[in-house]
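>>> got a sequence here, can you build the structure:
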Amino acid sequence: MKKLRWAMDGAFWDLDISTPRTLDGLSRPVPGDPLPLGISRGARLSRPKQIDFMQRFMAAPFVPSYAAAHGFSLQRVLTIPVAENWFGTLLGQFNLQRFVSSVKKSEGPPPDSASSWMQMLGKHLRDKSLYALSFCSDLLLTPDDTLLLSVESYGDDKKPRNKALFQHRFPKHNMSVEAVWPGLFVDKGGDYWDVPLSMSLDLATVASDSGASYRVCMLHNSGSPERIDGGQSEGRPAGLLPGLAVKGAISFRKNVDLWRSNAPKLKMVQPFDIFLSNPHVSASGIIGAAMTACFGDGAARSQIEDDDPQGFRGFSLQAPAVKSALLADVFASASFSAQHGNFQRLFLDLTRFHARLDFPSGAKFLSGATHLAEDYFNSQKPNLEAIQDICPNATLSLQQQIAGPFSFRVDSKVAFELRNQNWNIRVDEPVFALEYALQVLGSAKAVAWYSPKHQEGMIELRFYET
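Sure, this is the predicted structure:
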C-alpha cells in the first residue's frame, strides 16, 4: 500500500503506492485539490531488483503476493546483463491460486496413474491466463541519469502496461519524467482506475530533516479513466479527467529532540538496524502552502457547493470559458515519535510509537474555527460540521520487536465522524506487517504486509527507511 502506509511518511508528498495488482508493484494516488500532489517519487528499488535480491541473497526461489482481484501468485526474475551500465530483467508471474482452483474443478474421473496426473496438470499449465510477463530495461546513462523502460503483458487478456521513466539527480534536487499507458491510480476509497495515457514531470528539493523544501510537478492525462474492476464509471475522480495540472508547494519543517538516550550500547553487538538503535522522544512540525493550476475537463473540480462539507474551501479562481482554474491553500502537520530499546538484544529490545496529525486545508480549519467561535460568543450549541472541520487527519504507528531481527508493525489512520449525534471514532485502512531486518546491510529489511481493507499483501525490500 501507500509506502506501506507507514506513518513516518508525510501525507502531503504522496509517493507511489505499493500494490500487487501490477507486475512492477506500483500505482499512484489520485491528485487532490491542491493536496496531495499525487505524482511524487520515493527512492526505492524497482520490483524486479527487489525480487532478484531476494533470490540471490535470501534463498527465495519465488516471491509470493496476494490480491483479492486475482488471488495468490508467485513471481521470479531472470536478470539479463547487456553492458556494464545496462541490464534487463524478465519478471514472470504464475497464478498459483487460479491453477489449484482449475485442477479442483476438473471434469471427469480422477487420474488413476502418474502419467494421467502429469497429462492433466500439463493441460492446466497450458492455460495462458495463469501467466503474466514483464520486461524491464534499466540504463545508467550517466552517474546522475537513468532511463527505465518496461512492458507488462497478461495472459488473462488484461491490457498490457507500458512505462518510460527518466530520472536525473541535481546537486540539491531530483527530477523525474514519466509516461505510462495506461496509468494505474487508486482513489481514497481504494478503487483502482486506468488512465489511457498519463505523463508527469516532478522536480523536488532533496529531503532534509529541517528547513525549507519545495516541489513543482506537472501531470497530463489523456483519455477517459475507467475502473479496472469493470464497475460503473460514474463519479470518476476529477483529478484523472483529461487535462493538464501544474502544481507547486513549499514547506518548512522543524524537528526537535525532546529526549535522546546517552546510555552506552552493548559492545561488540551490531544493532539489527542502525537507524533504529537510539532511544528517543522527538517531535516535528510542518507548515506550507500549495497551489494548483488546472486546464481541461478536470478544472471543474474547483467548483464549491455550499452544502458539500467535503468541498474545497481554499482560494480559487475559475475561467469556465477556457476550462481552467487556480486553487491555493495552506497546510500543516505535527508529529510525535518515541522509541525504547536499541534493537540489539534478541528479545523485546525495540518498541516504537509514532503519531501524526495532518491539517491538509488551512482554509477549512479557519472556517470551522470561526464558526465555533461565533457559536461560543452567541451561547449556541457547537455545530458538528464545524467541529469536524477542525479535526485533523490522524495516523498512528506501533512497532514491536518479537525476536532477533523480526518485528511486528501496525499502521493505521484514525477517522473521526462527528457530523451525526453518534460521535464515531474508527480505525481506517490498517496495515499489518512482519519485518525482518537485514543486519548485515546496516539498515535494510524485508517486509511482508497485508491490508484488510484492500485485501492485498506482498513482500518487499526497504532500504534506509524508518
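
>>> how about the lengthiest helix in the chain as PDB, C-alpha atoms only?
Longest among the helix segments of the chain by residue count, using DSSP state H, is helix 362-377. Below are the C-alpha coordinates for helix 362-377, written out as PDB (Å, rounded to 0.1, in the frame of the first residue of the first chain):
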ATOM      1  CA  GLY A 362      -5.900  25.700   6.400                       C
ATOM      2  CA  ALA A 363      -8.900  27.400   4.900                       C
ATOM      3  CA  LYS A 364     -11.200  24.600   6.100                       C
ATOM      4  CA  PHE A 365      -9.700  24.700   9.500                       C
ATOM      5  CA  LEU A 366     -10.100  28.500   9.800                       C
ATOM      6  CA  SER A 367     -13.700  28.300   8.600                       C
ATOM      7  CA  GLY A 368     -14.500  25.700  11.200                       C
ATOM      8  CA  ALA A 369     -12.700  27.600  14.000                       C
ATOM      9  CA  THR A 370     -14.600  30.800  13.000                       C
ATOM     10  CA  HIS A 371     -18.000  29.100  13.200                       C
ATOM     11  CA  LEU A 372     -17.100  27.600  16.600                       C
ATOM     12  CA  ALA A 373     -16.000  31.000  17.900                       C
ATOM     13  CA  GLU A 374     -19.300  32.500  16.700                       C
ATOM     14  CA  ASP A 375     -21.300  29.700  18.400                       C
ATOM     15  CA  TYR A 376     -19.400  30.200  21.600                       C
ATOM     16  CA  PHE A 377     -19.900  34.000  21.800                       C
END
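
>>> tally of neighbours for L258?
11 (other CB atoms under 10 Å). In this view, the C-beta of every residue, glycine as well, is placed from N, C-alpha and C.

>>> ah, wrong one, I meant A319
Neighbours of A319 using other CB under 10 Å come to 11.

>>> for the nearest residue to it once chain neighbours are set aside, name its beta-bridge partners.
In space, A319 comes closest to A325 once its chain neighbours are excluded; the distance is 7.1 Å by CB to CB, 6 or more residues apart in numbering. When assigned by DSSP bridges, A325 has beta-bridge partners C294, Q318.

>>> could you do A67 as well?
Here A67, judged by DSSP bridges, has bridge partners G71, E456.

>>> gap between F166 and A179?
9 Å (CB to CB, to the nearest Å).

>>> I should have written R76 there, sorry.
For R76 relative to A179 (CB to CB), the value is 28 Å.

>>> give me the distance between A293 and C217.
Taking CB to CB, one finds A293 at 12 Å from C217.

>>> any shared contact partners between the two?
Common contacts of A293 and C217 (CB atoms under 8 Å, 6 or more residues apart in numbering): 246-247.

>>> ok, those two, which is more surrounded?
Between A293 and C217, counted using other CB under 10 Å, C217 has the larger neighbour count: 22 against 18.

>>> helix or strand: which one has the more buried one?
strand 211-222 (DSSP states H and E).

>>> adjacent strands (with direction) for the very next helix or strand once past that strand?
Next along the chain after strand 211-222, taking DSSP H and E as the criterion, comes strand 226-227. Using DSSP bridges, the strands paired with strand 226-227 in its sheet are strand 192-195 (antiparallel).

>>> can you list contacts of the very next helix or strand once past the strand it pairs with?
Where DSSP H and E defines the elements, the next helix or strand beyond strand 192-195 is strand 197-205. The contact list for strand 197-205, computed with CB under 8 Å, 6+ apart, reads 13, 28, 39-41, 172-183, 185, 212-223.

>>> which of the residues you listed are buried?
13, 28, 39-41, 174-178, 180-183, 185, 213, 215-221, 223 (16 or more other CB atoms under 10 Å).

>>> alright, I will stop here.
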